Structures are given as structure tokens and as C-alpha cells.
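Participant: Dropping a prediction and its sequence here:
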Amino acid sequence: MTLRTSPEVGGMGHSIKRKEDPRFIRGKGTYVDDVVLPGMLYLDIVRSPHAHAKIVKIDATKAMAVPGVLAVITGQDLAKYNLHWMPTLMSDTQMVLPVEKVMYQAQEVAAVLATSRYAAADGAAVVEVEYDPLPAVVDPHKALEPGAPVLRTDKKDKKDNHIWHWEWGDRAATDRAFAEADVTVKEQIYIPRIHVASIETCGCIAHFDKVDGKLTVWMTTQAPHAIRTVFALVAGHVGLAEHKIRIISPDIGGGFGGKVPVYPGYVIAVAASVLTGKPVKWIEDRMENLQADSFARDYHITAELAGKKDGTLTALRIKTLADHGYTDAAANPSKFPAGLFHVCTGSYDLKAAHVEVDGAYTNKPPGGIAYRCSFRVTEAVHTIERMVDIMAHQLGQDPAAFRMKNFIRPEQFPYKSALGWEYDSGNYGGALQKAMDGIGYAELRREQAEKRKRGELMGIGISSFTEIVGAGPSKHFDILGLKMFDSCEIRIHPTGKAIARFGTKSQGQGHETTYAQILAEELGIPAADIQVEEGDTDTAPYGLGTYASRSTPVAGAAAAVASRKIIDKGRKIAAHLLEVAPEDLVYEPGKFSVKGSPNRSKTIQDVAFAAYTNHPQGMEAGLEAVSYYDPPNLTYPFGSYICVVDIDKGTGEVKVRRFLAIDDCGNIINPMIVQGQVHGGLTMGLAPALFEEISYDEFGNVQGGSFIDYLLPTAVETPKWETGHTVTPSPHHPLGAKGVGESATVGAPAAIANAVVDALWHLGVRHVDIPITPPKVWKLLREKGVTE
Amino acid sequence: MIPAGFEYHAPTSLGEATGLLARLGEDAKVLSGGQSLIPLLKLRLASPRHLVDINRIPGLAYVKEADGTLRIGALAREVDLDESAVVRDRYPLIADATRVIADPIVRNLATVAGNLAHGDPANDHPAVMLALDAEVTATGPAGERRIPISAFFTGPFETALRPDELLTEIRVPAPAPRSGGAYVKLERKVGDFATAAVAAQVTLATDGTCATVGIALTNVGLTPIKATQAEAALRGKRPDEATIKQAAQLAADAAQPDADLRGSVEYKKDMVRVLTARALRKAIERAGGGR
Amino acid sequence: MRVQVTINGEKHEADVEPRLLLVHLIREVLRLTGTHIGCDTTHCGACTVILDGRPVKSCTVFAVQAHEREIMTVEGLEQNGALHPLQEGFMAEHGLQCGYCTPGMLMTSHAFLAKHPAPSEDEIRHAISGNLCRCTGYVNIVKAVQHAAAKLRETAGAGGAR
């Protein structure tokens, strides 16, 4: 991409240093737990040891006797205000605090309010709860069997644990294609539950000011406006009107989707503050975070792929069971209970496809959408990339060549997939070729053949994914009815500096820098002169927040559109200053010049000053604009990843020797930041592929509910990621940019899984579910007679 | 995350410390590195009424060789072992182990003595000291007594220490010439306890046979396990692939692991087999002069 | 109990419960909020501070244990308005994203470089293996530490030590 601005201006394509860093490297960030307000109280939560149990009695006597404890809040207390249940983002309902029964281990049961953090913990330790355990429903297959205990006894007419059935695609055409196929492959793929585990856990400080009736909530949230509206809808009946609610999302220590949902702790803190008129702080522990907050994945997938004997793919058929926990609280766009799972035809020109998903209730925490997944896209990509690899191996074809043959070709874009998505642009062959060249693919295959003769296990895995981000066009996308536009409001000051506010919320993605760079690109004002703000609902324009890689595609576009409105007005002011007609001016970033007389010009700074001091008669003063951008389509970043693994025959350990990621996110705002997003995304792809899982025993007891067993990779386990890119701009995005935050997490697990299976295919192994742990590999090896 | 309350004592002499322990009995716990104890307190899995912090007692933080033994004081930290040239050059088994205990930051506070005294079969030094035939010194109000390491671990989180005693010193016999040791630990990631780990220490005789052999196992039983049959199979024999293989199998047979998230019983036993062979090969190589 | 600690060169006194964790003394009593809390099982290292020259996880130390001892937190890295080469390195190499693990990484690296002025990449990765990061994938953190190491060797070579 040619740079249109100088490094001093710092527009798109420059790797300018981040504007947010100076406070973080000094330890001067403001995260929620850093905030202290006068008279602040603390909340600690008592949680259920049982996965499913009636609540017989809650005895707070001992807790109330602990010095500093002021109150113990239960579901009965909240029921008085009808706050004990609240809606979820999928229009299901969830408990804030239970009255009748608990439905997952670690569920909130009561909350202790105290004058200090330590007193609240002491109080929570001695609240006595008597439970009457009920049979736990843990396996979603069993949950849907006739006769299974009905979990949602709160829903009057519910007779089973089936939440919804959703399907998409042409079933008849797909079935026909399968019937006619030369070759079909079928596989069961389980993608287990994982948790984002950002290093900062969730929390809030709710402060209801009794004098002016305003509620201010400092909150770890990726979507402050949506939260404000939800609070107004849920608590409107207790007097909280939307103009009297302010959500402040300050510095956030990682979100990844885990800080989108409304957790009971927030609502209890708000209720406690409204009742006492004092600020109430609630910060969860790590174990609470892992065990109760929104999980990700938990899809039981049966996938089938059909093709011709020459390896041309023809059709895809998928049936999935989605384990949602006790309620559907996934943060999906409302029309899509399985998110964007139907992007599962991937990068391939499949003629027919059909996908169906059934959601089931189980005695587990709710969630499903999180962990950098773009609304179920990781599940979709993992499925298609595994199936394509199985088909290639079964036909004895090289997995790279097989993909090349079946990729959607550049001339087919914009491409309408068999499941109805219109992919904006792509060059899949280009990315894969670049990856192959970069890693030395042919040489690696030679090495693999040599090693195989000696009984050494080396694997090469490819993932050529298509991502789908930037939710989304108002025609199809809403969350709880709120359309998924996003916004940018820019105001330029007389001295040529600017402030811009957005409806999104960075949790480390560097928006203070990247948005400034977009504006610098459009307006020619140096990025250093542009202050970017997000996260305070009192001042920021309405937006749906940051998740699913939507900020650049939607709010970034809004920034461009708002800038162009400013340039339109600026043109008129410049024309006035230069005494020419507006159409006689040529604009380049930061400067209006007269056509044919380039030395007659005005800078954007001249124009800004004039907007307040010398604007044309009949024109309003000032130089500002706002855009609420409704994207015409999603954007489709893509990439090809190649992973090389060596397997230890003795221990079953999988060592990632090399991993090269070629990503294409269209035009790049800041190459350094994009690369950082890829590094981080790859690491959150490695983690579920080899290390992380949250599972449950038959009684619903969580396994992997602390960092002892929930294994986040350290710098030692993490490979030395190699990255590169291609650039295929989005034709519909004002900047040609696509978004990249989640691509690597979406694409990487399949590359790693494919590499492991590639290493073991000759032994008769077709598939391994992630996480691919040493005991899993060891079992396969020993079954195939391989040992050390 | 928040521990229950306790009374805190910071004695400045051994006498004062053991006196406190004698007086307070089961109500007290010793705080040395705290890297095993404090996490338990934070999760309220233990709520002792008294903590006796021994970190202010002078003269306990040493790692030195004297009179034919390596002496490690009660307050020697893992990092002190890691930085000790004596340990690195002459006790490679200990050097290997110290580098895989927890993580580098925890190792700045965690003590070797604490790693033994805690009695956790998942800790790494117990098997190391078993393989080295070490000895510990227990100091109580009545004075000192020596406890051979083979008698020290009596059960999960139980040791031969009396409630009024402190583990004040660990003594490891200096290795004879042509000795080598190695610790091989399989862990899911840095900072984890061992899925299984094996400590091996050998001394080769001039004819190349194994004069002495020590093999001990971490986290595959209720206590650390000395694989005596595996040792016997190698003692007096030339260590070749056949004898190593035999010893490795015997070590696996001696393991009594529980199934957990780290692996099944079969997996862990097989890991003992694999790791024993690897540890022996490395120990033998080091005994022969290689590193 | 009375506790006196020197933090970043300044003496502080407080009256605390024995069970008060050092990280809470630093964050809540002394209001130095650069040191963060990220877990409850001594894994994540977000709470790392330097105690008498060695990095420790301040969530697993009682404040009373730090009595009459010296502590350095991230707030102590900048001296007289001049950023430490590590701070410059993290900014130059994009070694941080959300910033939450960063103070812990800085403290660990600071103590590490004092002992190992010319580390290899693998040595750096081992040194920070007690500090978890979710955002960066560690690649640029390594680069940041290498950047600082080179800068420190340069200034040491030129006679100006830190």
C-alpha cells in the first residue's frame, strides 16, 4: 500500500508508536479495580457447590456478625423489585440471584456487602446455605433424551431441554449432492468449552447518587452503550431512566468477548448501590471468572464433506449440538442463534451446503460466544479445515494442492456462498502460496518423508480460513433489537487539533492510535494532534462496542465517513478563503489547493481556524461531524497458516517447531499493531489447540476451574510466531480495511490439529479433538503400536 | 483470595521459633518461602491460628560444601541453588530440579527445606533427595536430630518432623568421582506440578558398571517413591540399553499414580518408564564426563 | 501490626492485619495501583514487584513479611522524568496491548537484566515464564527486553550505568 501521508502525520500504513502506551508503561492505567470512591463498599459473592439443587435455606446470621458486614443480599431480596431474573442478550432469561434453585456449580447464590474487601470475604465464607441436590444434567445429548430432567422449570410450558433448532442452506440440493458424490468423508468433531481468561477479571463499581438520582457504573465492558440501554430496560421500573445512567468503561485488561455479557455481579452491585446510596465495588476472583463467566465453544459437530474422485469438493453437511449451559446467554446477533457458523463453507467453492444446529440446556454456566471467535466462526473454520484435510489425506492428495484446486478464485468475487454470504474480496491462492514459499513447504515435505522412514513423527498442517467480521448490516444484524451500526463523532478545534469519540471500546487493540491514524489519513491532521476517546456513555456517540473484530470495519468506516463530511464543509470554507468555487479545489490529506495553481492552497488547520473566525455568511460555525455507519456488508479477512510439529513418541507431547501465518485484512492501518493482533491471536489459537479445556464430571463439578488446571501458555510454550501478509482491500469499506483482531484465533487451531493428524495419518489416525494433550496423543500412538 | 485471620510471630532465633512451635502446637504453621502455604491460606484450604515466620532468623540461608557434604540451610531459596556454582558443577541432579520447580519468580522465595517439609508428593525435591540418599536435620526445643531422607516422608503432606521441630538443614553426600545425576520432569506447562518426574543419580565404577544407583519418582504416589527394585536391577551391572530398559520398567511398576487431569494411571506409569530411561541415560552420560 | 516499608525509595508506615497481602498494601493502602491482580493461585505474575532486589509475586507475600525491606514497583522505574530503557523498549517494540500484565513483565525483566545483561531469546522466555500475557503472544515482549538490554549495555559501556 502506498503511503499517502508523511510519518509526521502518521496516517494509514505507518507503524506509529501507540498513544496509549505512556500511561501503561508507568503503571498509570485506570482499570476498574484502581478506582476508589469515597464511602465505597465491597461485594463478595457466595457461590453454589452444586450443579443443580433446590435452595432450602440461606442463613446469614454468622455472616452478619462479622465486623464490617452490612448486608447479605439474596434472590428473595431482589425478587421484591423483580430484579432476581433478567433477560439475556438472546432474549432468554437468566437469574441474578436464585430463589428456587441453582443451575450450575459456582452460580451466584447470595452476595455479602461490607465496608472492606476482607470483611466481605469473611462474611461470604460463613453464609450458610442448605441445599437439596437435584440430578445434574451434564451431557447435552442426554439432556435431549426423552425423560431427561427438565431444567428450566421456571418456564411454564417447557417440557424438555431443547432451546431452539436452527438450520440454513438447501437441504434437498445438499442431500442430492451427497447421494451423487464419488467420495464422502464424515467425522465427529468436539470443540470443548474454553474461557477467555483475560488477565484482568470482570468487575464494576456501581455508584448511585441519591441526590441527583444518577447511577454511574465503572465497568469492565466491551459494549457500554448496550449495557446502559439494557439497564434502563431491566431496571426502568425501579426508577433508572437511561439519561440517569452512565457507564464508564475505563482501561480494560483484555476483553476477547468475555466482557460483553451482563453478569449477575454487576446487577447485584447496582441494586446494592441504589439501596444504600453508596458506591459498591465488585471484583471477581480468577476462579469465579473461570467457573461462572461466559464460556466459549462447546459444540458437538457431525460434519460431512462430499466430492468427486478427482478431489473437487461439491457439498458440505453439518449437524451440531450446542451446549449452552442453563440458559441461552450467548452474545449473538438475535437472528443467528448459532452466530455466523454458516460461514462454514470456508474458502472453498462448494455448490451445496446445509447446516443445522440444536441448542440444549445443561447444568453449566451460560455463554458460548467469546474467546476471539467472531460469533462461532472458530467452530466453522475448524470444521471445514479439518474436513478438507481429511478428504485430501483420504484421497492421497497433498493438502496444499487440494486446497488450491478448490479455493474460490479471485475472479469469482464478490462471491455468494452456498449458505448465502457475499464474500467481498479474497485471494486465497495468493495467501497460501506466500505461506508455502515462506515456510519452504516442498522441503518440509521431503524432510517429513525422510523422517517417516526412520519412524520419526513430523507433521505439516495448513489452515486456509475465511473470516467474517464487521457485524453488521442493519437488514440482518441486531442485538436485542439494537442495530449493529457504529459511530464516530469528530470535532476540530480552532487551532487545528481534534477530538474524536467512538461507540466502540478498545481493550488493548490500540484504538487511541489506529482511529487517530484513520482520521490523520482522511483529514491530514497529524495523529498526534487527534485525541481519541471511547467508553463513557455520557459523551461517546452510541455504538454497539468492540468484539467480533467489528471496530475497524464499522467504527473505522464511520470515522472515514465523518471525516469526509468535515472535508465537504472544509472545502466550502477553503473556497471562501481562497475566493474560488468549491469545485475548483483539489483535496489531498490536509490541504485544499486550487486546480492548476497548487501554490494557492489552505491547510486543514487554516480551515479549522476559519471555521470559528471567518466562516462564510449563512454557514454555521464550527467544524465537526458525526457518522452512524450502517455497513452494507460484512468484511471477509482471510489467511493461510502453516504449522510444523514434531511429536515425542515417548511422552505424546506435540512441539510446534514452526508456525507461519499469512494474514490478509485488506488495507492496513498500523502494521505494527496488526502484527501484534496476529501474535496474540495465534497464542489464543495455540492455547485451545494444545492446552485449554473446561470440562465437567458427571455430577457437574467443574474441572479446570483455576489456573492450576486451566493452562494458559507461557512464553516458553508459545512458539516464535512468524507472520506476513497480503493485501486484498475490501471493495465496500471506505478505507478498504477489514479487521483482524480475531483472525489468528479463528484460523490457528485447525493448522495445529491438521499438523498433528498429518504426522499420524500413516498410522491410521484420521482425527484428534482439541485440546491435543500428550495423554491423547500417547493413547493413539500406543494403540497403533508406536512407543519409545 | 483472602485468607482468614491469624496471629503472626516473627522469631529472630531458632530457640525462639521452636519454643513458639512447642507452645502453639497444631494451631501453628511455619512460614518460610510461603509459596506453598500462602496459596492454601488464600483459598482457605488451611486456616492456622498462628503463623511462625522464620525468615528473620539469621544464619539459615546457605548453600555450601563442607566436610564431604553439600549443606543446604533452611532458608536457602531455589534461586540460591540455581546460582550456586557448586550445585551446578557437582550436583547436576539438584541443578536440573531447581530449574523446573514452579516458575522463576516463585523460586526467588520458595525454599528447598520448605519443598521437603511441606510433604507434598507433587513437589520435586523429595525424589531428588531420595535419589541422593540425603539426610535432614530437625531442630526442636530439645536440640537437633538427623533423619535419613528414606524415613522422612511418611504420608501425603506428612513428614517425620514433630510439630515443635523445624527442618534446619539438608545434607547431601558429596558425589564420588564418576558420578552423575539428572532430573527429568514431564509437566503440561512451566509452573505445573509433574505429570511424572524421575530423579536419577549414578556412580560408575572403574570397570564401567554402576557402583551406586539412586532412582526416585515424583507425584506418582502418596509419597515420593524410591524405585528400589529398579536400582537393584542396575547396581553392579553395565548400564546399556537393555539394563536401562529393564530398570525403567521396574520403576514404572513401582509407581502408584492416581488418574487426574494430567493423565490416566496407565499414562503416568508409562511416563515413569520413559522418563526413567531418559534420566538414567543423562545421568550416566554425566557420570562418564559428558554434560 | 505496624509495618514499615521503603517503596521506590520512599519510606511508608501503616498499621495492618497480619493477613494483609503485600499486593493489597501496595494497591489499597499506599494507592500505587500500577501493580495488578490477575489470579488467585500464584500463576499469572501480574502482581510482580521487586523485593530486596528479587522479583516476587506480591499476592503470595504478607505485607508484614516486607517490614523494614525495600520494594520497587513499576512506578519506580521512571527516574527524574526519564523513562527506563525497558519502558522505552516496550513502547518501541509494541510489547504491550491492554497493559495489564505489563508492570509485572517490567519488574521481572528489570531484575533479570540486572543479572543477565546479554540474554538469548530463550533465556528471556524462561525468565518471563512466571508472567502470563493474553494479548501479545510474547513475541514483542521478548523484542522489548532485547531492545532494553542493548540500550543498557550501550550506556554501561559508555560509563553511564543505571
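Facilitator: Received it, and whenever you're ready, just let me know what you need. Keep in mind it's a predicted model, so treat the numbers as computed, not measured.
Participant: from here on, contacts and neighbour counts on C-alpha atoms
Facilitator: Fine.
Participant: can I assume residue A:512 is in contact with residue A:17?
Facilitator: No - contact between residue A:512 and residue A:17 fails when scored by Cα atoms under 8 Å: they sit 10.8 Å apart.
Participant: Give the burial count for residue 119, as a bare number.
Facilitator: I went with chain A, as the question did not name one. 24 (other Cα atoms under 10 Å in any protein chain shown).
Participant: not quite, I wanted chain C
Facilitator: Residue C:119 has 17 nearby residues by other Cα under 10 Å.
Participant: tell me the SS of it?
Facilitator: coil (DSSP: H, G, I helix; E, B strand; the rest coil).
Participant: For it, give me its contacts.
Facilitator: By Cα atoms under 8 Å, 6 or more residues apart in numbering or on different chains, the contact set of residue C:119 is C:113, C:146, C:149.
Participant: pLDDT of the helix or strand hosting the second one, averaged?
Facilitator: According to DSSP states H and E, residue C:146 maps onto helix C:139-157. Averaged across helix C:139-157, pLDDT comes to 96.
Participant: cool, and stretch B:47-56?
Facilitator: Stretch B:47-56 comes out at a mean pLDDT of 98.
Participant: what's the biggest helix by length in chain A packed up against?
Facilitator: Ordering each helix of chain A by length in residues (DSSP state H) puts helix A:557-578 first. If you count contacts as 3 or more Cα pairs under 8 Å, 6 or more residues apart in numbering or on different chains; DSSP states H and E, helix A:557-578 packs onto strand A:486-492, helix A:511-523, strand A:597-603, helix A:604-613, strand A:624-629.
Participant: Please pick the buried ones from the contacts of residue C:119.
Facilitator: Buried by 16 or more other Cα atoms under 10 Å in any protein chain shown: C:113, C:146, C:149, out of the contacts of residue C:119.
Participant: which one of the residues you listed sits closest to chain B?
Facilitator: residue C:113 (13.6 Å; Cα to the nearest Cα).
Participant: hang on, the earlier thing: tell me which of residue A:512 and residue A:17 has more neighbours.
Facilitator: Neighbours per residue, other Cα under 10 Å: of residue A:512 and residue A:17, the larger number sits with residue A:512, 23 against 17.
Participant: Please name the nearest non-neighbouring residue to that one.
Facilitator: Once flanking residues are discounted, residue A:512 sits nearest to residue A:532: 5.0 Å by Cα to Cα, 6 or more residues apart in numbering or on different chains.
Participant: So that neighbour, which state does it fall into?
Facilitator: strand.
Participant: Could you tell me how many residues sit around it?
Facilitator: 23.
Participant: Quickly note the distance from it to residue A:101.
Facilitator: Distance, residue A:532 to residue A:101, using Cα to Cα, to the nearest Å: 46 Å.
Participant: And for residue C:83?
Facilitator: 55 Å.
Participant: Could you check how far residue A:91 is from residue A:150?
Facilitator: Counting by Cα to Cα - residue A:91 and residue A:150 are separated by 20 Å.
Participant: which one of those two has more residues nearby?
Facilitator: residue A:150 (19 against 16).
Participant: my guess is the more buried one contacts residue A:160, does it?
Facilitator: Yes - with contact defined as Cα under 8 Å, residue A:150 counts as touching residue A:160 (5.3 Å).
Participant: Quick check, pLDDT for residue C:162.
Facilitator: Residue C:162 is given a pLDDT of 48.
Participant: And residue A:196, by the same measure?
Facilitator: 97.
Participant: Check residue B:201 too.
Facilitator: pLDDT, residue B:201: 98.
Participant: Near it, how many other residues are there?
Facilitator: So residue B:201, with other Cα under 10 Å, has 32 neighbours.
Participant: how about it, what does it touch?
Facilitator: B:93, B:131-132, B:179-182, B:212-215, B:280, B:283.
Participant: re the thing from before, in the longest helix of chain A, what counts as buried?
Facilitator: Within helix A:557-578, judged by 16+ other Cα under 10 Å, the buried ones are A:557-567, A:569-578.
Participant: Show me the contact partners of it.
Facilitator: By Cα under 8 Å, 6+ apart, helix A:557-578 touches A:486-490, A:515, A:518-519, A:522-523, A:581-582, A:584-585, A:592, A:600-602, A:604, A:607-608, A:610-611, A:615-616, A:623-629, A:733-735.
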